[in-house]
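K.L.:
sequence and predicted model, in that order:
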Amino acid sequence: MRRISYFIIGSIFGGVLGGAVVLLFAPGSGDETRTAIKERIVKIIKEFHTAFQERKTELEQELKDLSHS
């Protein structure tokens, strides 16, 4: 259990550190980088919402089919 905890903590720390290094050495200005990050986050949220709605519709249909059986 201890090894898993160390692995998870190390992964999180490595991800944060790697992200900070990428931001420091990004080719664009701070404003450009922030804008790109915001746009990407909005895109990911929209994709997640779409996938969620599609899955919700599928599950509702399956429930409807099961209740009629």
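P.N.:
Received, thanks.

K.L.:
tell me the buried residues in the helix or strand containing Arg34?
P.N.:
Element membership of Arg34 [criterion: DSSP states H and E] is helix 30-68. Across helix 30-68, burial judged by 16 or more other Cβ atoms under 10 Å covers no residue at all. (Glycine included, C-beta is placed from N, CA and C.)

K.L.:
can you give the distance from stretch 44-51 to the centre of its chain?
P.N.:
Put simply, stretch 44-51 sits 10 Å off its chain's centre (Cα atoms, centre = their mean, to the nearest Å).

K.L.:
brain fart, stretch 53-67
P.N.:
25 Å.

K.L.:
which residues are in contact with it?
P.N.:
Residues from elsewhere that reach stretch 53-67, judged by Cβ atoms under 8 Å, 6 or more residues apart in numbering: none at all.

K.L.:
now the angle between helix 30-68 and the helix or strand bottoming out on mean pLDDT in the chain, please.
P.N.:
Sorting the helices and strands of the chain by mean pLDDT, DSSP states H and E puts helix 2-24 at the bottom, at a mean of 89. Here the directions of helix 2-24 and helix 30-68 differ by 130 degrees (axes from the mean of the first three to the mean of the last three Cα atoms, to 10 degrees).
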